[in-house]
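Q: no sequence for this one, just the structure:
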């Protein structure tokens, strides 16, 4: 809580939705923002410490866990960890093989990383909303958002990386001209050069919008779902303590489905976009 | 909610995680899985092969068993035959032995009878001579009448 007096509902909600931002403030200099407005004033050159911290911790946990399973991997009788890891890897591998038919050793590991990492980040949503922020307050951290995927920067960071790879592989596979042709000669084409010339801007507009909308929809879909879920948990947390479980338990159970589904959708769309980038026309 | 450097930080950590996953995590797991798939496929093929072999062996066993049964039946038949033969020959031997014993007994009896008859004849001869001597009162010279007596004895 920002103030020592008991916060109002609005203050409570706003506090929970504020990241721990570190950056250069025009007036207060380098430091941690102490309010939402201060954070906004820091502009682009600021870092959400909490999002970075939790996402890297969770990513490192994923890598550590799977590396451990990979190091002790046996094609004989698997242990409990290996069996669980195998299920996930098989699941991802099946999805990649069904959708992505070109040869690229990067796609499947990337899909696995996306799926597990996003799942873990989403999973933080199931930790009761006050537990860790209160703990942070006790050691002097004013703001703490523990669900990295409720930060639009995190989801955008992922989707823009996917977008960059899309463009890279498109140009690599189809060539620069091939990529430009894909953007300008479709969906409307004509054998008459004059009509074709008129159609080029139309195609470019359509294809451009559809291209740009991919990373944005990818990022906002995940962000929106998680942000909304988190907001509802916060609203439930405003109820009297003895009544909260009535709503938070069903919502949490429903959320187990949502977090898995969102991780899966993000992975699946990434695979589809990569497959499109590798497609020849 | 503002876009800031976190975006780039995320992109960088994403790249690092993906590269690490690609290099150290994915290959060993997926190779292990393929290996296991191959092992299972091999195991199934082996099982198929051995069941085929078992069927062949069973067929072979059936043939062998039939042969053995036929042989056994033959042996039994031969043994029966042999047994019957042996019984027959034993019977034959016993019969001839019995015959032989009977004959030798007969011969003995005959000899005894002859001997006894001879003895009796002699005694009767002697009794007759004694009787005659007593009746005649005179001495019958045995020496003299031996011929008569022998003649008489032979007639008895």
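A: Good, I have the coordinates. This is a predicted model, so every value here is computed, not measured.

Q: elements contacting the longest helix seen in chain B?
A: If you go by DSSP state H, chain B has its longest helix at helix B:26-136. Helices and strands touching helix B:26-136, by 3 or more Cβ pairs under 8 Å, 6 or more residues apart in numbering or on different chains; DSSP states H and E, are helix A:49-71, helix A:80-99, helix A:107-123, helix B:142-155. In this view, the C-beta of every residue, glycine as well, is placed from N, C-alpha and C.

Q: how about low-confidence regions in chain B?
A: Applying pLDDT under 70 to chain B flags residues B:1, B:137-145, B:156.

Q: In it, which residue sits closest to chain A?
A: Closest approach between chain B and chain A, counting by Cβ to the nearest Cβ: residue B:10, at 2.6 Å.

Q: Find the nearest non-adjacent residue to that residue, please.
A: residue A:157 (2.6 Å; Cβ to Cβ, 6 or more residues apart in numbering or on different chains).

Q: if we can go back for a sec, does the residue of chain B closest to chain A touch residue A:159 like I think?
A: No: judged on Cβ atoms under 8 Å, residue B:10 makes no contact with residue A:159 at a distance of 9.9 Å.

Q: circling back: next, count neighbours for the residue nearest to residue B:10.
A: For residue A:157, the neighbour count with other Cβ atoms under 10 Å in any protein chain shown is 28.

Q: Tell me the buried residues in the host helix or strand of it?
A: In this structure, residue A:157 sits in helix A:152-184 according to DSSP states H and E. Buried residues in helix A:152-184, counting neighbours by 16 or more other Cβ atoms under 10 Å in any protein chain shown, are found at A:152-163, A:165-166, A:169-170, A:174, A:179, A:182-184.

Q: Taking helix A:107-123 as reference, get the angle to it.
A: 140 degrees (axes from the mean of the first three to the mean of the last three Cα atoms, to 10 degrees).

Q: Report all helices and strands that the next helix or strand after helix A:152-184 contacts.
A: Downstream of helix A:152-184, the first helix or strand assigned by DSSP H and E is helix A:193-236. For helix A:193-236, the packing partners by 3+ Cβ pairs under 8 Å, 6+ apart come out as helix A:9-16, helix A:152-184, helix A:244-277.

Q: Mean pLDDT added to those, as TSV?
A: Output for the helices and strands packed on helix A:193-236, formatted as TSV (pLDDT from 0 to 100):
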stretch	mean pLDDT
helix A:9-16	85
helix A:152-184	91
helix A:244-277	93
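
Q: helix or strand for residue A:132, which one?
A: Per DSSP H and E, residue A:132 falls inside helix A:131-138.

Q: ok, residues contacting that helix?
A: With Cβ atoms under 8 Å, 6 or more residues apart in numbering or on different chains as the test, helix A:131-138 has contacts from A:1, A:15-16, A:143-146.

Q: By pLDDT, rank those residues and give me the bottom one.
A: Lowest pLDDT within those is found at residue A:1 (39).

Q: related to what we said a few turns ago, identify, from the contacts of helix A:131-138, the entry nearest to chain B.
A: residue A:145 (10.7 Å).

Q: The closest one is in contact with residue A:51, isn't it?
A: Yes: the criterion here is Cβ under 8 Å, and residue A:145 meets it with residue A:51 at 6.7 Å.

Q: give the contact list for residue A:163.
A: Residue A:163 makes contacts with A:214-215, as judged by Cβ under 8 Å, 6+ apart.

Q: so how far is residue B:11 from the residue in chain A positioned nearest to chain B?
A: Using Cβ to the nearest Cβ, the single residue of chain A nearest to chain B is residue A:157, 2.6 Å away. Residue A:157 is 5 Å from residue B:11, where distance means Cβ to Cβ, to the nearest Å.
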